[in-house]
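J.: this one's structure only:
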C-alpha cells in the first residue's frame, strides 16, 4: 500500500460528488472511492480520497491547528489488511477561511471482493473524533473501463527525473493529475481534467465524447467525438476542458467511449462563484506579511514584481538588509492596496495567485525548469489573466506547434506563441499589443496554412 497526504483549500459551499456517490458522515467527512484494474495481477487499485471540513479542526493558540488522520481497510471477514495514521498541520490563515476543507489520499491494491474503508479524524486541540466508513468493491474481472477521475489539471512526466508527484497531484503511470477526488472549480481556475482507463480484449478504434450536465440532467457543454486507438493491453483517455463561464452549481461530467466495447462513466464536480471563492481563499494578513518570510522567500516574492515596478522602484531592493527588504515589500504593496485599512490586500493576493497559476501551467525548459511566470505565456497570463479564447495546435502540419490567445471581453488583443525549438518552449511571435513585441518574420514562421488558421481565429 502506498499512502500520500495532501492538504489543499477546497470549497464546501458547492461540495462536489465523486465517482459513484461518496459516503458522507453527519460531521461532513466525505470519502470517495475510485478504482482502476490491473489485468496482469487481476487486482484492483483503489484510490481513497477523504475530504475533511476545517470546522472539525480547532485552533491551538495563534499557530493554526492540526489533526490526526487514521484509516483502516478490512475484508469481508473482518480481517484488517491496512492500518495507517498520520498527523497533518493546518496553517492559521487556512483555518480561518470560511467554508474551507482539506483532503487526504491513499492507495491500496486488492483482489476481487468487498472491503470496508474506515476513516477517523481526531482534532489535536480537543481530542474530538469524527468517523465515517465507505465500501470499496474490487473488480472480479476486467471491466470495460476504470472509474472516472476528475481533477483541475493533468500533465505528462517530462522524463526519468520527473517521477515524484507535486503537491496536490496523483501519479497515474506517466501522467500526474491534480485532484482531491472531488474537484471544485473556480472562475479563475476553470479547467476540468479527466482520466479514464480502458481495458479492451482486442485493439480497437474508439470515439471519445464528453458532456457536462447539471444535476437535473440539462446539457451545458458537449465536445465533438475524438477518434483514438486503444491497444489490446489497454489504454488511457485523458483531456482538459476549459469550462470558463459555467455558472456556479453542481455538475456531472459524462465521458462516453463508443466502439466495439462501449463505456460510459460519470463523475460529479462543482463550480463556485467569485463570492464563494473569495470567502474560502486563504488570507495573508496585511499586518503579518511578509513578516514570517525568510530572506530567500522574500527574494522569490520580489522577483516577479518586475512586471509591476515603476522606474523609481527598480534597483533598490537587492542592496537592502533583510529588515529593509521586508519593509520595502510591505510599502510596495501598500501603495497598490485597493482597500487600505482592511486585513486583505486583494491586488497582492490576485498577483501571487496568478504567479502560482502561471508556474503550474507554463513552466518550460525541461531540466533547466524555467519558472512559468518567466515565460512569454506566463507573463501575458500574469498581465492580463486567462485568455477569453484559445487555439492550440500541438500537431500543426508543416508548422511548429503554436498557441493563439485572444482577449475579447475588456480589450481586443491577440497573442501567438510558437514552440520554435520543438522542446516545449513557447515564445511570443506576434501580438497587436503595443506594449509587447513579437518576431518580424512571424508570418514566415507560421507558414501559409497556419497563418490562415491564426487569421481566422
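T.: Thanks, I have it. Values in this document were obtained by computation on a predicted structure and should not be read as measured data. Residues are numbered from 1 along each chain as shown.

J.: Name the single longest helix found in this structure.
T.: Counting residues, the longest helix found in the chain (DSSP state H) is helix 346-362.

J.: which parts of the helix or strand following it are buried?
T.: Beyond helix 346-362 on the C-terminal side, the first helix or strand identified by DSSP states H and E is helix 376-384. For helix 376-384, the neighbour count (16 or more other CB atoms under 10 Å) marks 376, 377, 378, 379, 380, 381, 382, 384 as buried. (Glycine included, C-beta is placed from N, CA and C.)

J.: Output the residues you listed in CSV; the columns should cover pLDDT and distance to residue 70.
T.: Below are these laid out as CSV (pLDDT from 0 to 100; distance: CB to CB, whole Å):
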residue, pLDDT, distance to residue 70
376, 92, 47
377, 93, 43
378, 91, 41
379, 91, 45
380, 92, 46
381, 92, 41
382, 90, 41
384, 88, 46
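
J.: just the strands in the stretch 1-150 of the chain please.
T.: Applying DSSP state E, counting those that start in this stretch to the stretch 1-150 of the chain gives strands spanning 2-6, 23-24, 30-38, 43-53, 65-74, 80-90, 101-110, 113-123, 129-138, 149-151.

J.: Please identify the most buried of those strands.
T.: Most buried of the strands of the stretch 1-150 of the chain by mean neighbour count (mean count of other CB atoms under 10 Å) is strand 149-151; its value is a mean of 26.

J.: quick one: low-confidence parts of the stretch 1-150 of the chain?
T.: Counting by pLDDT under 70, the stretch 1-150 of the chain has low-confidence residues at 1-22, 24-25, 97-99.

J.: May I see the strands of the stretch 1-150 of the chain arranged in a markdown table, with distance to residue 321 as well?
T.: Formatted as a markdown table, the strands of the stretch 1-150 of the chain follow (distance: least, CB to CB, whole Å):
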| stretch | distance to residue 321 |
| --- | --- |
| strand 2-6 | 37 |
| strand 23-24 | 52 |
| strand 30-38 | 48 |
| strand 43-53 | 42 |
| strand 65-74 | 34 |
| strand 80-90 | 31 |
| strand 101-110 | 37 |
| strand 113-123 | 41 |
| strand 129-138 | 47 |
| strand 149-151 | 43 |
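
J.: Relative to residue 192, which of these is closest?
T.: Evaluated over the strands of the stretch 1-150 of the chain, closeness to residue 192 peaks at strand 149-151, with 6.2 Å, by CB to CB.

J.: Name the strands paired with that closest one and say parallel or antiparallel.
T.: strand 191-198 (antiparallel) (DSSP bridges).

J.: these two touch, right, residue 270 and residue 190?
T.: No. At 11.8 Å, residue 270 does not count as touching residue 190 under the criterion of CB atoms under 8 Å.

J.: domain assignment for the chain?
T.: Under automatic domain parsing, the residue ranges defining each domain of the chain are 2-275, 284-343, 387-456.

J.: any idea which of these is most buried?
T.: domain 2-275 (a mean of 17).

J.: Tell me the predicted confidence for residue 417.
T.: What the model reports for residue 417 is a pLDDT of 94.

J.: What's the separation between it and residue 395?
T.: Distance, residue 417 to residue 395, by CB to CB, to the nearest Å: 16 Å.

J.: and what of residue 93?
T.: With distances taken as CB to CB, residue 93 is found 44 Å from residue 395.

J.: Show me the contact partners of stretch 197-210.
T.: For stretch 197-210, contacts defined as CB atoms under 8 Å, 6 or more residues apart in numbering pick out 36-37, 39, 142-146, 194, 221-232, 234-237, 239, 241, 253-261, 263.

J.: Run the angle between the longest helix of the chain and helix 376-384 for me.
T.: Between helix 346-362 and helix 376-384, the angle comes out at 160 degrees (axes from the mean of the first three to the mean of the last three CA atoms, to 10 degrees).

J.: buried stuff in helix 346-362?
T.: 348, 349, 351, 352, 354, 355, 357, 358, 359, 360, 361, 362.

J.: which one of those sits closest to residue 438?
T.: Once CB to CB is applied, the member of the buried residues of helix 346-362 that ends up nearest residue 438 is residue 362, at 17.5 Å.

J.: how near is the closest one to residue 420?
T.: According to CB to CB, residue 362 and residue 420 sit 16 Å apart.

J.: Same check on residue 389?
T.: From residue 389 to residue 420 the distance is 23 Å (CB to CB).

J.: Is residue 228 in contact with residue 237, as I believe?
T.: Yes. Under the criterion of CB under 8 Å, residue 228 makes contact with residue 237 at 6.3 Å.

J.: that older thread, could I get the domains of the chain in CSV, plus columns for distance to residue 370?
T.: Formatted as CSV, those follow (distance: least, CB to CB, whole Å):
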stretch, distance to residue 370
domain 2-275, 12
domain 284-343, 13
domain 387-456, 8
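
J.: mind listing which of the contacts of stretch 197-210 are in strands?
T.: Among the contacts of stretch 197-210, the ones falling in strands (DSSP state E) are 36-37, 194, 221-222, 226-230, 235-237, 239, 241, 253-258, 263.

J.: now residue 386: how far from residue 243?
T.: Counting by CB to CB, the gap between residue 386 and residue 243 amounts to 12 Å.
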